[in-house]
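**Student:** Sequence and predicted model, in that order:
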Amino acid sequence: MCHSERSEESNCTQILRCAQNDTPEVSTHWHIYETICIEYSKPRPPRDIFLAMPFFPLLQAFATSLTQNFSSLTRAQPEDQLKPAVKNLLESAGTLFDQSVLLRSEAQVVGLGGRPDFGADSNGLLCGHIELKAPGWGARPNSFTGRDKEQWQKFKSLPNLIYTDGNEWSLWRSGTSVGSAVRLAGDVRVDGASAATQENAQSLENLLRDFLMWQPVVPSQPRELAQMLAPLCRLVREDVAASVANEHSALFSLAREWRDLLFPNATNSEFADAYAQTLTYALLLARVEGGEKLTIDSAADTIQARHGLLSQALRVLAQAGAREGIGQENCDFEFSIFIRASYSQHQRSADGLCEALERRP
């Protein structure tokens, strides 16, 4: 093995690479795993278990890295200490699942009550979000109080969301829990590799597979598609309403121009509602008319010939400055839904979509 070629890789990634194939590299990385076990006085499983269950050493390396981090005497925000380890674990697990996974940190926007800590890309599409909590806080948001409860009221609209504090992991879809929460046997802050058992690893691997390989249920009717997208539409509307209240935001200026030209008596709430509906309907219409890799520009181009006014409205309302105000991730997530969701040709009715959206829940 050429150590210089591997110098940039974490222990997690190295363990994963060798665990997938019993190559000469196995000896080197098996030694890494042995070292973890010895350092934390944990009996190491037989070599065949190491090869047959590669997620287990990934999880143990995750716990080990957090124990090392939390042993530091330097004061730091506990929740933030999870970010590198969670990112590494999910991206390495993606490789194990034959998925190209990338976790991107979310931009925090003042006045919006925060955003999930990560957006997760799987094979080039945003598949979900991950929200971190300080170790010991738990991952059961339906029992949170105070600001965390208020945050959950917003985040529960997301159709694929993981909550974790490092020790506990839970998966949520549109406010409903999926399966049981996974709780590690120990504490990642102090127990190192001993924090996780093989049973923990199997349960968490199943949860992460479900999260990363999630596909929306394909709607068969316009109304069903509108119902699926309604929570995302509301999320955009809430972000627009919060951003337009800030007189220094691009959306504040856009709303003022919108009133001057079209609706002089419109309130901020009405502008936010119109913005979210226009964005959602325009993207839906582009999907109906054959758009695949949807972006704002490509969607506007797709509907330009038959719906020129809506095309121009989409370009204006979703210009870069405005999207920064509501969070690029919200738009990206809707793009992913439109790319993934489709229904049969005879049901592709723009009128039906419009009617369903107007009656959205």
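**Tutor:** Happy to help now that I have it.
**Student:** Need the nearest residue in space to residue 161, chain neighbours excluded.
**Tutor:** Setting aside the residues directly before and after it, residue 161 is nearest to residue 172 in space (CB to CB, 6 or more residues apart in numbering), at 4.6 Å. C-beta here means a position set from N, CA and C on the backbone, and glycine is covered the same way.
**Student:** correct me, but that neighbour touches residue 164?
**Tutor:** No. Counting by CB atoms under 8 Å, residue 172 does not reach residue 164; the two are 11.3 Å apart.
**Student:** can you give me the strands for the stretch 51-200 of the chain?
**Tutor:** Assigned by DSSP state E, counting those that start in this stretch, the strands in the stretch 51-200 of the chain fall at 101-105, 118-122, 125-132, 161-164, 168-173, 176-177, 182-183.
**Student:** packing partners for the helix with the most length in the chain?
**Tutor:** Secondary structure assigned by DSSP state H gives helix 222-244 as the longest helix of the chain. Helices and strands touching helix 222-244, as assessed by 3 or more CB pairs under 8 Å, 6 or more residues apart in numbering; DSSP states H and E, comprise helix 250-261, helix 268-288, helix 320-326, helix 328-340, helix 350-358.
**Student:** Tell me, how many residues neighbour residue 317?
**Tutor:** 21 (other CB atoms under 10 Å).
**Student:** Hmm, I typed the wrong one, I wanted residue 295.
**Tutor:** Neighbourhood size, residue 295 [other CB under 10 Å]: 15.
**Student:** what's the pLDDT at it?
**Tutor:** Residue 295 is assigned a predicted lDDT (pLDDT) of 71.
**Student:** Residue 95 too?
**Tutor:** The predicted local distance difference test score for residue 95 is 86.
**Student:** Could you measure from it over to residue 54?
**Tutor:** When distance is defined by CB to CB, to the nearest Å, residue 95 is 10 Å away from residue 54.
**Student:** still on that earlier bit, could you identify which of the strands of the stretch 51-200 of the chain is most buried?
**Tutor:** Highest mean neighbour count of the strands of the stretch 51-200 of the chain: strand 161-164, a mean of 26 (counted as mean count of other CB atoms under 10 Å).
**Student:** So what are the sheet partners of that strand and their directions?
**Tutor:** Sheet pairing of strand 161-164 (DSSP bridges) gives strand 125-132 (parallel), strand 168-173 (antiparallel).
**Student:** picking that back up, so between residue 95 and residue 54, which is more surrounded?
**Tutor:** Set side by side, residue 95 and residue 54 give different neighbour counts by other CB under 10 Å, the larger being at residue 54 (20 against 17).
**Student:** Quick check: the more buried one touching residue 96?
**Tutor:** Yes. Counting by CB under 8 Å, residue 54 does reach residue 96; the two are 5.9 Å apart.
**Student:** and residue 160, what is it in contact with?
**Tutor:** By CB atoms under 8 Å, 6 or more residues apart in numbering, the contact set of residue 160 is 127, 128, 129, 171, 173, 211, 214.
**Student:** quick revisit: for residue 61, find the nearest of the strands paired with strand 161-164.
**Tutor:** When the strands paired with strand 161-164 are compared for distance to residue 61 using CB to CB, the nearest one is strand 168-173, at 16.3 Å.
**Student:** List the contacts of that closest one.
**Tutor:** Contact with strand 168-173 is made by 138-141, 156, 158-164, 177-179, 181-184, 204, 207, 210-211, 214, as judged by CB under 8 Å, 6+ apart.
**Student:** can you tell me which of the strands of the stretch 51-200 of the chain comes nearest to residue 283?
**Tutor:** Between these, strand 125-132 lies closest to residue 283; by CB to CB that is 14.1 Å.
**Student:** Let me see the mean pLDDT of the closest one.
**Tutor:** Averaged across strand 125-132, the pLDDT comes to 86.
**Student:** how far off strand 118-122 does that strand point, in degrees?
**Tutor:** Direction vectors for strand 125-132 and strand 118-122, defined by axes from the mean of the first three to the mean of the last three CA atoms, to 10 degrees, enclose an angle of 150 degrees.
**Student:** Can I get strand 125-132 in CSV, CA atoms only?
**Tutor:** Output in CSV follows, covering the C-alpha atoms of strand 125-132 (Å, rounded to 0.1, in the frame of the first residue of the first chain):
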residue,chain,number,x,y,z
LEU,A,125,-29.9,14.6,-6.1
LEU,A,126,-30.8,16.1,-2.8
CYS,A,127,-32.5,13.3,-1.0
GLY,A,128,-33.0,14.6,2.5
HIS,A,129,-31.7,16.6,5.5
ILE,A,130,-29.9,15.9,8.7
GLU,A,131,-30.4,17.9,11.9
LEU,A,132,-27.8,17.6,14.7
